[in-house]
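Chemist: Okay, structure incoming, though there's no sequence with it:
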C-alpha cells in the first residue's frame, strides 16, 4: 500500500514539475512584432499604453485602441484628432495583461505623470543591437522618416522652399 502512495505521489510531483516547466517555456518573444517607436528592453510586449493620448497599441495586430464616441475602437491608424502626435517622442508604458483598456481609469491616473515626457526611453529604431534588426515597420514610421528627411526631399518633388 505504501509503495502505491509513493509511486502515485512521485507521478504527481513529476507531472506538476513538467506542467510548470511547460508554462514557463510558453512565453514567446515578439521583438520582431514590436514597432520601431516602441521602447527597447522588452522581449515580449502585448500592449503599450500611450499616456499623452490616453490610448493603447496592440502589438500582435499592430492596432491602436482609442475611445471613440464612448466605445473602444481598434484601428491600424490613429484618428485624425491625433494627426500630429509623434510616437517617437512620447512615453510608452508596456502592458502584458489581457485587454488593458478595460482598466483605463486605473492606467490614466497611474501613468498621468508621463504625459508630455518623452525622456527616459530609447526607441527600437535608434538601437543597433542585432535583436532589433527586423522590427515592425509601420506607416507611421515611414511618414516620420519622410517628414524629418532633408529639405531637398521634404516636399516630394525635389524643390526647396
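Modeler: Yep, that arrived. As the structure is a prediction and not an experimental result, all values here were calculated from the model.

Chemist: which residue ranges form the helices in the chain?
Modeler: Counting by DSSP state H, the chain has helices at residues 2-25, 104-111, 139-147.

Chemist: what's the closest non-adjacent residue to residue 121?
Modeler: Spatial nearest neighbour of residue 121, chain neighbours left out: residue 39 (4.2 Å); criterion: Cβ to Cβ, 6 or more residues apart in numbering. To be clear about C-beta, it is placed using only N, CA and C from the backbone, and glycine gets the same treatment.

Chemist: burial measure for that neighbour, as a count.
Modeler: Using other Cβ atoms under 10 Å, residue 39 is surrounded by 18 other residues.

Chemist: Below-threshold pLDDT in this structure: ranges please.
Modeler: In the predicted model of the chain, residues 1-27, 132-161 satisfy pLDDT under 70.

Chemist: What segments of this structure are strands?
Modeler: Listed in chain order, the strands of the chain (DSSP state E) span 47-50, 55-58, 63-68, 71-75, 93-95.

Chemist: got the angle between the longest one and helix 104-111?
Modeler: Inter-element angle recorded for strand 63-68 and helix 104-111: 100 degrees (by axes from the mean of the first three to the mean of the last three Cα atoms, to 10 degrees).
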